[in-house]
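Peer 1: Sequence first, then the predicted structure:
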Amino acid sequence: MGVLLRDESQIQAAKVEAQSLVSITLSQRQLCDIELILDGSFNPLTGFMNQKDYERVLKDMRLENGALWPVPVTLDVKKDLAEKLANGQKVALRDAEGNLIANMQIESIYQPDKTTEAQILYGTTDEEVPSVFELLQNIGSHYLGGTLTGVTLPIHYDFTALRKTPGEVKEEITKNGWNRVIGFHTENILNKNHLAQTLEAVRVVPDSHLLVHPAVGTSQFGDLDYYSRVRCYKGYAQQFPDNVALFSIIPLVVRPAGPRETLFNAVVRKNYGVTHLVVEKNDDALSLQQYSKEIGVEAVLVKPFVFVKETGKYVPEDEARPGTYENVSEEELKRKLSAGLPLPEWLLFPETIQVLKEKYPPRWKQGFTLFFTGLSGAGKSTIANALIVRLMELSNQPITLLDGDIVRTHLSSELGFSKEHRDLNIKRIGYVASEITKSGGIAITAAIAPYAAPRSYARSLIEKHGGFIEVYMATSLAVCEQRDTKGLYAKARKGIVKGFTGIDDPYEAPTHPEITITCAGTTIKNEVEHIVTYLVNQGYVKLD
């Protein structure tokens with residue numbers, strides 16, 4: 001594992017050394033990874049992967065030294081920083097507050113083929129898949145590999161009693177006298193179905209106990225925040241008899257890579273003293289069994305369980321007669337929450353229902369963002385301003401307009417109109433809108449937003465907290481040029497203005513907007529009512 005210094009004089013020496021080093025501020029994802037390298041969860045890793053380790057992991061799931069390791073653990077940076085660094089150089093790795101976490105000796109600086117990485121890990125390069133979008137759009141273009149000298153683990157102020165290192169978990173397992181420990185990995189809300197599955201796993205493995213080990217690192221876009229998930233877990237943990245289960249959380253970044261992810265979970269949980277791992281899919285079980293002797297962890301394949309209405313009990317699905325059991329999808333649960341409908345008590349623990357109701361009130365009590373996009377002159381600001389007046393008539397929620405020109409004046413005045421600066425401008429708008437949405441307000445953004453990637457980024461931020469409604473103003477270029485109230489199209493045609501959207505810079509039209517407006521043969525009032533009707537039908541606005 002990476003060296004975590006214990007001697008105070010060595011710690012002070014590392015801090016003094018760091019003062020003269022280039023500092024890198026770690027993202028939340030990177031902080032999760034570095035913590036698990038330094039505390040031994042990612043043993044045998046001693047740092048972030050160098051190029052040889054990275055390439056071999058993708059090729060055959062092994063480090064350069066031959067040790068089994070299924071997925072990359074890398075430190076990504078932007079191109080401009082990578083070009084300023086050199087092999088053999090040391091860098092200081094810090095959290096967002098500037099606290100020194102570790103110094104790293106750079107062993108390699110390399111530019112990965114992230115498209116290949118996405119295909120190998122996730123089986124697709126489709127950016128509609130959140131993990132692929134994260135890799136291709138948000139992860140830096142270059143990776144740094146090197147050995148870590150750790151000064152301190154990342155600081156946590158939440159759920160400290162539930163955060164146990166591998167050493168602490170092993171110590172508790174030994175103290176309890178457990179010999180067979182079944183690991184249960186999850187990043188989802190745990191329900192009564194999961195309880196039935198884990199109790200079944202304990203039944204089929206003689207003299208066994210459970211390590212319930214939810215991952216609370218960064219997770220998929222739109223997922224329930226981990227504070228709420230941990231509060232939900234507490235209801236689940238209370239269901240076990242004494243001395244059956246140990247509950248701990250791990251700041252593990254979810255890597256949905258199929259059988260590779262299952263092997264990864266097994267390797268990590270082995271470092272916590274686990275001897276078995278619960279898996280739900282045959283392919284994952286077969287993959288783990290193939291390497292079980294090498295890892296030292298066996299697969300426990302559990303069947304899906306269902307709730308039988310007549311008996312009021314959970315049984316394996318293949319033992320229940322069709323039509324005799326309840327079933328509800330995750331989408332159906334979300335629909336019930338959005339509509340303020342009762343949640344199924346046969347599935348969810350009372351504590352979970354309470355948390356979900358508090359976290360996800362009905363849509364008409366949530367914040368949301370209307371994200372207008374379209375060419376200059378398409379009518380974004382006109383419709384947005386008219387819509388504000390209409391919504392103020394219908395709702396008491398505070399409404400904020402983030403108009404493109406206003407944002408350029410007050411939030412992005414130093415930015416130009418390069419692609420990089422346009423992307424940054426939309427990301428800033430998305431961030432502000434997400435904060436408004438999180439606070440229960442209505443954000444209306446009206447910017448050209450010409451590129452798909454930053455629009456998707458804005459969606460990913462906002463949908464964590466409420467609704468995101470993309471409104472595509474599909475006014476044709478010809479009509480926009482006819483309007484040309486600012487004279488910008490004329491200047492762009494003459495070459496006076498360069499990089500103008502629709503003339504010599506592309507506009508990437510939305511492929512699946514929630515609302516499309518053409519402004520052809522209709523009035524502003526009709527278009528506003530079209531949007532309001534959508535909001536009412538989707539539950540964002542409730543009419544008296």
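Peer 2: Perfect, I can see it now. Numbers count the residues shown, from 1 in each chain.
Peer 1: Which pLDDT does the model give Gly123?
Peer 2: In this model, Gly123 is scored at 95, pLDDT.
Peer 1: wait, what's in contact with the residue nearest to it when sequence neighbours are not counted?
Peer 2: Using Cβ to Cβ, 6 or more residues apart in numbering and skipping the chain neighbours, the partner closest in space to Gly123 is Gly258 (6.9 Å). All C-beta spots, glycine's among them, are computed from the backbone N, C-alpha and C. When contacts are counted by Cβ atoms under 8 Å, 6 or more residues apart in numbering, Gly258 touches Gly123, Asp283, Asp284.
Peer 1: Kindly check the end-to-end length of stretch 455-470 for me.
Peer 2: 9 Å (Cα to Cα, to the nearest Å).
Peer 1: Please tell me how far the residue nearest to Gly123 sits from Met392.
Peer 2: Distance of Gly258 to Met392, given as Cβ to Cβ, to the nearest Å: 49 Å.
Peer 1: likewise Glu435?
Peer 2: Taking Cβ to Cβ, one finds Glu435 at 20 Å from Met392.
Peer 1: between these two, who's got more neighbours?
Peer 2: Set Glu435 next to Met392 and count neighbours by other Cβ atoms under 10 Å: Glu435 wins out with 16 against 13.
Peer 1: Which neighbours in the sheet does whichever strand or helix holds Val306 have, and how are they oriented?
Peer 2: Using DSSP states H and E, Val306 falls within strand 305-308. If you go by DSSP bridges, strand 305-308 pairs up with strand 313-316 (antiparallel), strand 325-326 (antiparallel).
Peer 1: Give me the buried positions along stretch 285-302.
Peer 2: Ala285, Ser287, Leu288, Tyr291, Ser292, Ile295, Val297, Glu298, Ala299, Val300, Leu301, Val302 (16 or more other Cβ atoms under 10 Å).
Peer 1: ditto for stretch 82-95
Peer 2: Neighbour-count burial for stretch 82-95, with 16+ other Cβ under 10 Å as criterion, is recorded at Ala82, Leu85, Lys90, Val91, Ala92, Leu93, Arg94, Asp95.
Peer 1: same check, this time on stretch 334-346
Peer 2: Lys336, Leu337, Ser338, Pro344.
Peer 1: how about the last one, what does it touch?
Peer 2: Read it as Pro344. Glu326, Val328, Leu333.
Peer 1: Quick one, which of the residues you listed are buried?
Peer 2: Val328, Leu333.
Peer 1: that older thread, any chance of the buried residues of stretch 285-302 in TSV, with secondary structure, distance to Thr46 and pLDDT too?
Peer 2: Below are the buried residues of stretch 285-302 laid out as TSV (DSSP: H, G, I helix; E, B strand; the rest coil; distance: Cβ to Cβ, whole Å; pLDDT from 0 to 100):
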residue	secondary structure	distance to Thr46	pLDDT
Ala285	helix	31	87
Ser287	helix	26	90
Leu288	helix	25	94
Tyr291	helix	22	96
Ser292	helix	25	96
Ile295	helix	19	96
Val297	coil	22	97
Glu298	strand	27	96
Ala299	strand	28	96
Val300	strand	31	95
Leu301	strand	33	93
Val302	coil	35	91
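Peer 1: and which of the residues you listed is nearest Pro361?
Peer 2: Among the buried residues of stretch 285-302, Val302 lies closest to Pro361 (Cβ to Cβ), at 34.0 Å.
Peer 1: roughly how far apart are the closest one and Pro316?
Peer 2: Val302 is 9 Å from Pro316, where distance means Cβ to Cβ.
Peer 1: Also Tyr143?
Peer 2: 44 Å.
Peer 1: Repeat that for Thr511.
Peer 2: Using Cβ to Cβ, Thr511 is found at 41 Å from Pro316.
Peer 1: so where's this protein shaky on pLDDT?
Peer 2: By pLDDT under 70, the weakly predicted segments of the chain are 1-2, 218-224.
Peer 1: Pull the contacting residues for Lys164.
Peer 2: Contacts of Lys164 by Cβ under 8 Å, 6+ apart are Glu172, Ser248.
Peer 1: One more pass at 6 Å, please.
Peer 2: Going by Cβ atoms under 6 Å, 6 or more residues apart in numbering, Lys164 touches Ser248.
Peer 1: Could you measure from it over to Ile173?
Peer 2: Counting by Cβ to Cβ, the gap from Lys164 to Ile173 is 10 Å.
Peer 1: what's the lengthiest helix in the chain packed up against?
Peer 2: Looking across the chain with DSSP state H, the single longest helix is helix 419-438. If contacts are counted by 3 or more Cβ pairs under 6 Å, 6 or more residues apart in numbering; DSSP states H and E, helix 419-438 sits against strand 442-446, helix 452-462.
Peer 1: Export only the CA atoms of that helix, formatted as PDB.
Peer 2: Presented in PDB, the C-alpha positions along helix 419-438 are these (Å, rounded to 0.1, in the frame of the first residue of the first chain):
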ATOM      1  CA  LYS A 419     -15.000  26.900 -27.300                       C
ATOM      2  CA  GLU A 420     -13.200  26.400 -23.900                       C
ATOM      3  CA  HIS A 421     -14.700  29.700 -22.600                       C
ATOM      4  CA  ARG A 422     -18.100  29.000 -24.000                       C
ATOM      5  CA  ASP A 423     -18.100  25.600 -22.300                       C
ATOM      6  CA  LEU A 424     -17.000  27.200 -19.000                       C
ATOM      7  CA  ASN A 425     -19.700  29.800 -19.200                       C
ATOM      8  CA  ILE A 426     -22.400  27.100 -19.600                       C
ATOM      9  CA  LYS A 427     -20.900  25.100 -16.800                       C
ATOM     10  CA  ARG A 428     -21.100  28.100 -14.500                       C
ATOM     11  CA  ILE A 429     -24.700  28.700 -15.500                       C
ATOM     12  CA  GLY A 430     -25.400  25.000 -14.700                       C
ATOM     13  CA  TYR A 431     -23.800  25.300 -11.300                       C
ATOM     14  CA  VAL A 432     -25.700  28.400 -10.300                       C
ATOM     15  CA  ALA A 433     -29.000  26.900 -11.600                       C
ATOM     16  CA  SER A 434     -28.300  23.700  -9.600                       C
ATOM     17  CA  GLU A 435     -27.900  25.700  -6.400                       C
ATOM     18  CA  ILE A 436     -31.200  27.500  -7.100                       C
ATOM     19  CA  THR A 437     -32.900  24.200  -7.800                       C
ATOM     20  CA  LYS A 438     -31.400  22.600  -4.700                       C
END
